[in-house]
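Visitor: What would the 3D arrangement of this be:
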Amino acid sequence: MALEEMASCSSPETSAKANGLHGTFLKGNTVLGLLMAEDLMGDLEIQFYNALDTVNTQFIERFEQAGFHKLQQLENVLLHGDMDKVVEEYPELNSRLLQVQLAMFG
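Guide: Got it, this is the predicted structure:
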């Protein structure tokens, strides 16, 4: 019914498109096209979710590394001034001097 209403519209461009769509719909080609598109969309949907899974896995692998977590802990020590055991893992850092320096700048 909506295509028939659009076909009777005063705008020639809208009317022409609606007439064409209405004619195609009456011939039954639309249903076949929709069924074919549904199969294609199902395949594309599977590929889309596979791509999302791949991206998610890549982000997890990149940001969940052990070295990255240690760097985050060191960053927290520098930003908040709270000493952590991670400082003891680095012999080049003197925890007492670092604590004094962090108190001066914090």
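Visitor: Let me see the mean pLDDT of the helix or strand in which residue 61 is found.
Guide: Assigned by DSSP states H and E, residue 61 falls within helix 29-63. Helix 29-63 shows a mean pLDDT of 81.
Visitor: Please pull up the helix or strand immediately following that helix.
Guide: Scanning forward in sequence from helix 29-63 by DSSP H and E, the next helix or strand is helix 66-80.
Visitor: Residue ranges of each domain in the chain, please.
Guide: 1-51, 65-105 (the TED database).
Visitor: Lowest average pLDDT across the ones you listed?
Guide: The minimum mean pLDDT among those belongs to domain 1-51 (a mean of 70).
Visitor: show me what contacts residue 73?
Guide: By C-beta atoms under 8 Å, 6 or more residues apart in numbering, the contact set of residue 73 is 84, 86. All C-beta spots, glycine's among them, are computed from the backbone N, C-alpha and C.
Visitor: separation between it and residue 23?
Guide: Distance, residue 73 to residue 23, using C-beta to C-beta, to the nearest Å: 69 Å.
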